[in-house]
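Trainee: Sequence and computational prediction follow.
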Amino acid sequence: MIRRYASVLRVCMWIGLLIVLVFGVLYLMNINPANDVDLVLEHWDRPSQAFWQAVRGGYADGYSWFLDSLPAMDSLSIMGILLLATAPLIALIFIILRMRGIYLLLIAILIAGYLFSIFRPFL
């Protein structure tokens, strides 16, 4: 059980890191960026609202800034971070069917907690 959980985490980690590195390098090479790399670097030290105003000319609310520019390299790089962030949830889903008794209840509570934290910004 623990080995299955760990192996799923390992696979998600390697895939997530590969996605971040590949699309991050492509973004830094200025290939199909959603945000101008020079503007991002110039305004990186500003607070969030000032940063988005300077880089995109408006305020980024929720996940809209990310979802609106999904085919761009910087957004695709964030998909790797998304995979890394959800790797424990994915691993828990892979092992839940093998759990029995109190362990099944605990895994279900953990999964519910992860799902709540993911969808909380939409509520």
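Mentor: The structure has been received and is ready for your questions. Residues are numbered from 1 along each chain as shown.

Trainee: only C-alpha atoms for contact and neighbour calcs from this point on.
Mentor: Fine.

Trainee: got a pLDDT number for the residue nearest to Met1 when sequence neighbours are not counted?
Mentor: In space, and not counting its chain neighbours, Met1 is closest to Ile95: 6.7 Å by Cα to Cα, 6 or more residues apart in numbering. For Ile95, the model assigns a pLDDT of 90.

Trainee: swap in Ile118?
Mentor: 82.

Trainee: which element is it on?
Mentor: Using DSSP states H and E, Ile118 sits in helix 102-119.

Trainee: quick one: contacts of the helix or strand bottoming out on mean pLDDT in the chain?
Mentor: One helix or strand of the chain scores below all others by mean pLDDT, DSSP states H and E: helix 64-67, with a mean of 72. Residues from elsewhere that reach helix 64-67 (Cα atoms under 8 Å, 6 or more residues apart in numbering): Ser75.

Trainee: and the spatially most distant residue from the centre of the chain, what does it touch?
Mentor: Among residues of the chain, the one most distant from the C-alpha centroid is Gly101; the distance is 31.9 Å, by Cα atoms, centre = their mean. Neighbouring residues of Gly101 by Cα under 8 Å, 6+ apart: there are none.

Trainee: swap in Leu82?
Mentor: Gly16.

Trainee: Quick check: which element contains the residue most central in space within the chain?
Mentor: Centroid-nearest residue in the chain, with Cα atoms, centre = their mean: Leu82, separated by 1.7 Å. Applying DSSP H and E as the criterion places Leu82 in helix 73-95.

Trainee: Which parts of that helix count as buried, going by neighbours?
Mentor: With burial defined by 16 or more other Cα atoms under 10 Å, the residues of helix 73-95 counted as buried are 73-81, 83-93, 95.

Trainee: buried residues in the lengthiest helix in the chain?
Mentor: In the chain, taking DSSP state H as the definition, the longest helix is helix 2-28. Buried positions in helix 2-28, judged by neighbour count with 16+ other Cα under 10 Å: 5, 8-9, 12-13, 16-17, 19-20, 23-24, 26-27.
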